[in-house]
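**Student:** Return atomic coordinates for the entry below.
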Amino acid sequence: MEDDELEMLRRKRMQDLQQQQGQAAMAQDQERQYEAQKQAILRQILTPEARDRLANVKMAYPDVARMVEDQLIRLAQAGQITKPLDEPTLKQILRKVAPQKREISIERV
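**Tutor:** Below you'll find the predicted structure:
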């Protein structure tokens, strides 16, 4: 009797684990699809040089790059970006959004 209950618990646990793995795989697929769509839109609205610049920023400041990407995509979807943005324009946008560097000064008394 105890062996049957133990076997049922094992099967139930195995089913739960398989279900969790399936949900995780679906979430990863959705994330990949979203990322692919995002990159396709960025290819349309940025010049190759601007995309390279954004990729470099993404390595140093992933949060800033993600925020700029999302903002650019929203603008493109709203029809406010009519031609591909070049690198100097992207640099201006990044300067406005990038974290400000603090000036550190040491005074000796």
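**Student:** Quick one: list the elements packing against the helix or strand R43 falls within.
**Tutor:** Element membership for R43 (DSSP states H and E) is helix 2-45. Counting contacts by 3 or more C-beta pairs under 8 Å, 6 or more residues apart in numbering; DSSP states H and E, helix 2-45 packs against helix 48-60, helix 62-77. All C-beta atoms are positioned from the backbone trio N, CA, C, and that covers glycine.
**Student:** closest to I41 out of those helices?
**Tutor:** Nearest to I41 among the helices and strands packed on helix 2-45 is helix 62-77 (5.3 Å), distances taken as C-beta to C-beta.
**Student:** what does that closest one rub up against?
**Tutor:** 38, 41-42, 44-46, 54, 57-58, 81, 85, 90, 93-94, 97-99 (C-beta atoms under 8 Å, 6 or more residues apart in numbering).
**Student:** Show me what the very next helix or strand once past that helix is packed against.
**Tutor:** As assigned by DSSP H and E, the chain's next helix or strand after helix 62-77 is helix 87-97. In terms of contacts (3+ C-beta pairs under 8 Å, 6+ apart), helix 87-97 is packed against helix 48-60, helix 62-77.
**Student:** I'd like to check the angle between the last one and helix 48-60, please.
**Tutor:** Translated: helix 62-77. Relative orientation of helix 62-77 and helix 48-60, computed by axes from the mean of the first three to the mean of the last three C-alpha atoms, to 10 degrees: 140 degrees.
**Student:** average pLDDT across helix 62-77?
**Tutor:** In this model, helix 62-77 has an average pLDDT of 91.
**Student:** Give me the buried stretch members for it, please.
**Tutor:** For helix 62-77, a neighbour-count test (16 or more other C-beta atoms under 10 Å) marks V64, A65, V68, E69, L72, I73, A76 as buried.
**Student:** Work out the gap between that helix and the centre of the chain.
**Tutor:** Centroid displacement of helix 62-77 relative to its chain, using C-alpha atoms, centre = their mean, to the nearest Å, is 9 Å.
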